[in-house]
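Participant: Predicted model and sequence follow; I will ask about them next.
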Amino acid sequence: MGRLICISNRIPSGPNPSGGLVVALHDTIKETGGIWIGTSGEIVENPENRLREINDGPFRRMAFDLSEAEQQNYYFGFSNQVLWPLFHGRTDLLEIHAEYLDGYKEVNRRFAKMLMEVIRPDDRIWVHDYHLIPLALYLRQLGATNRMGFFLHTPFPNPITLEALPNAGDVCEWLANYEVVGMQSERDARAAIACLTEVAEGREMAGGFVQLGARQCRIAAFPIAIDAQEFRSLAEAQVDRLPSGVIKPERQLIIGVDRLDYTKGVPQRFKAFGEFLARHDNWHRHVSYIQISPPTREGVEAYDNIREETEHLSGWVNGQYADIQWAPIRFINRPVPRETLAGLYRAAQIALVTPLMDGMNLVAKEFVAAQNPEDPGVLILSQFAGAAEQMEDALIVNPHDIEQMATAIMTALAMPLQDRRRRHEALMDVLLSKDVAWWSKGFLTALG
Ligand code: ADP
Ligand code: G6P
């Protein structure tokens, strides 16, 4: 049996990985074994054209360096100022430049050549995320005959949105070079099939198969997950270990945890919390909201703007309502250790997981797994997170509707114990039966 080769732009480094892809794959590779290959995170003047072993982790990893120009065009450019906003429906943020696309293709071609030195014909290749969509095409052009699967961690747009990209047809052709294309949700699988048939004139067949030119691929939903059992134990172990002063018995705690990304809807959340405080004087000093948001993709204008906007809004809410004993919002712009996160989730009565658009959203799953089943907190979840397809027993909200979110905060704070337990139990059933092992097994079985 060949090896499993997992490929993604980012591979884990440092003690506190934040970002769904690294967190989920970490759990998968720990279980299934395999090699994880990606960029090293180092920018050098003349990158070598070879993959080097990284020796300090729990499993085998290989990496290559990027040049400054590659980082600008491939990573910050086409990946994060074209595909990321496009796939999240933010066509207003698109920065379309020929050098971004050229850089993106070039890095993918260079990566494919380096991989040809390492892969064996019976290895299964599993490529992850939007940075590397063309990799299968380039590997096949170099003669690779392996079975190749692709999993997209973000949403996938509908045809009219994809067509905002001048080379929309290329994206469809790139995808068609995989045997299996995995999406996070049925919503995204349907959108991808619609794009391959409407934008690129592919032919849909039974079972999610699409014929495009000489290639046939299967597109299906494989909702990503967490190791719920392990996360629950991690959270249990944190009871009474949070730093003193974080939790106050007389105060309810609301938590939000997201990279500081414009897709996550943090400004709308701050506004909704402000609206809640405006409506309910009696809750002043009895509830605080901790939002933990490490900066991400700094230097890209849309990310600099979201930072300014959220700083301004949290300052505004605090300015309006804080007193000498209480700050309504604590806005923390750094990653925190995973066990501290787990402890905070468990200590919180509410999680606000309200992205404007999200592939899955693992924070929603982590929060539920961390709860004490005897006295669980309430998950307020956006209808636009892929997680909403599986987690119907959360309080589902429209993140654009500030008033509805403010009402949901009140509903969650007032929810009777019996109702909280029932919802938590139903959600936990989903998380335990569809965990990260179920996800990877499902995908790899489909890949064959
Ligand atoms: P995305 O993939 O868009 O970042 P997800 O919610 O799917 O969003 O995954 C985010 C992952 O990163 C989760 O596992 C979460 O615990 C982790 N994470 C997010 N923010 C932080 C933080 N401040 N510190 C540590 N981990 C974080
Ligand atoms: C999302 C993407 C991942 C990415 C992560 C962190 O989860 O789907 O591909 O790794 O965000 O973003 P970054 O740009 O820091 O890798």
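Facilitator: On my side now, so go ahead. Ligands and ions are numbered 1, 2, ... in the order given.
Participant: State which helix of the protein is the longest.
Facilitator: helix 301-321 (DSSP state H).
Participant: Can you name every helix or strand that it contacts?
Facilitator: Counting contacts by 3 or more Cβ pairs under 8 Å, 6 or more residues apart in numbering; DSSP states H and E, helix 301-321 is packed against helix 266-279, strand 329-332. The way it works is simple: take the backbone N, C-alpha and C, and place the C-beta from them, glycine included.
Participant: Next, the angle from the first one to helix 301-321.
Facilitator: Here helix 266-279 points in a direction 10 degrees away from that of helix 301-321 (axes from the mean of the first three to the mean of the last three Cα atoms, to 10 degrees).
Participant: So which residues on the stretch 151-300 of the chain come close to ligand 2?
Facilitator: His153, Thr154, Thr296, Arg297 (Cβ under 6 Å from any ligand atom).
Participant: swap the cut-off to 8 Å and go again
Facilitator: His153, Thr154, Arg259, Asp261, Thr296, Arg297 (Cβ under 8 Å from any ligand atom).
Participant: if we can go back for a sec, quick one: distance of the longest helix of the chain to the chain centre.
Facilitator: Chain-centre distance of helix 301-321: 23 Å, with Cα atoms, centre = their mean, to the nearest Å.
Participant: so what strands line up beside the helix or strand hosting Leu381?
Facilitator: Using DSSP states H and E, Leu381 falls within strand 378-382. In the sheet, strand 378-382 lines up against strand 350-353 (parallel), strand 395-397 (parallel) (DSSP bridges).
Participant: Counting by contacts, list what whichever helix or strand comes after the last one packs against.
Facilitator: Per DSSP H and E, strand 395-397 leads on to helix 402-413 as the next helix or strand towards the C-terminus. Judged by 3+ Cβ pairs under 8 Å, 6+ apart, the packing partners of helix 402-413 are helix 266-279, strand 350-353, strand 378-382, strand 395-397.
Participant: Convert helix 402-413 to CSV, retaining C-alpha atoms only.
Facilitator: Extracted in CSV, the C-alpha atoms of helix 402-413 (Å, rounded to 0.1, in the frame of the first residue of the first chain):
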residue,chain,number,x,y,z
ILE,A,402,-27.6,43.0,14.3
GLU,A,403,-31.0,43.1,16.1
GLN,A,404,-31.6,39.4,15.7
MET,A,405,-28.1,38.7,17.1
ALA,A,406,-28.7,41.0,20.1
THR,A,407,-31.9,39.1,20.7
ALA,A,408,-30.1,35.8,20.4
ILE,A,409,-27.6,36.8,23.1
MET,A,410,-30.6,37.5,25.5
THR,A,411,-32.2,34.2,24.5
ALA,A,412,-29.0,32.3,25.2
LEU,A,413,-28.5,34.0,28.6
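Participant: what helices or strands is the helix or strand of the chain with the lowest mean pLDDT leaning on?
Facilitator: When the helices and strands of the chain are scored by mean pLDDT, DSSP states H and E, helix 20-32 comes last with a mean of 74. Using 3+ Cβ pairs under 8 Å, 6+ apart, the elements in contact with helix 20-32 are strand 4-10, helix 362-370, helix 436-447.
Participant: ok so, going back, okay, the helices and strands packed on helix 301-321 in a markdown table with mean neighbour count and mean pLDDT next?
Facilitator: A markdown table is the format used below for those (neighbours: other Cβ atoms under 10 Å; pLDDT from 0 to 100):
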| stretch | mean neighbour count | mean pLDDT |
| --- | --- | --- |
| helix 266-279 | 22 | 98 |
| strand 329-332 | 18 | 98 |
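Participant: returning to that earlier point: would the strand holding Leu381 count as contacting ligand 1?
Facilitator: No. If you take Cβ under 8 Å from any ligand atom as the test, strand 378-382 misses ligand 1, and the best it gets is 11.5 Å.
Participant: what residues does the protein put near ligand 1?
Facilitator: Counting by Cβ under 8 Å from any ligand atom, the chain sits next to ligand 1 at 16-24, 153-154, 224, 226, 257-259, 261, 263-264, 292-294, 296, 332, 334-338, 341, 353, 355, 358-364, 366.
Participant: Please pick the buried ones from those.
Facilitator: 17-24, 153-154, 224, 226, 257-259, 261, 263-264, 292-294, 296, 335, 338, 341, 353, 355, 358-364, 366 (16 or more other Cβ atoms under 10 Å).
Participant: part of a strand, is Pro166?
Facilitator: No. Checked against DSSP: H, G, I helix; E, B strand; the rest coil, Pro166 lies outside a strand; its state is coil.
Participant: which residues touch the closest residue in space to it that isn't next to it in sequence?
Facilitator: In this structure, Pro166 finds its nearest non-sequential neighbour in Ile96, 6.5 Å apart by Cβ to Cβ, 6 or more residues apart in numbering. Shown in contact with Ile96 (Cβ atoms under 8 Å, 6 or more residues apart in numbering): Val82, Leu165, Pro166.
Participant: Can you say which of the residues you listed are buried?
Facilitator: So, by 16+ other Cβ under 10 Å, the buried ones in the contacts of Ile96 are Val82, Leu165.
Participant: thinking again about what came up before, let's verify the residue nearest to Pro166: helix, strand, or coil?
Facilitator: Quick answer, by three-state DSSP: Ile96 is coil.
Participant: isn't Met415 right up against Val378?
Facilitator: Yes. With contact defined as Cβ atoms under 8 Å, Met415 counts as touching Val378 (5.7 Å).
Participant: So for those two, which sits in the more crowded spot?
Facilitator: Val378 (26 against 17; other Cβ atoms under 10 Å).
Participant: mind listing what the closest residue to the more buried one other than its chain neighbours touches?
Facilitator: Nearest residue to Val378, sequence neighbours excluded (Cβ to Cβ, 6+ apart): Ala412, at 3.8 Å. Residues near Ala412 by Cβ under 8 Å, 6+ apart: Gln349, Ile350, Val378, Ile380, Leu395.
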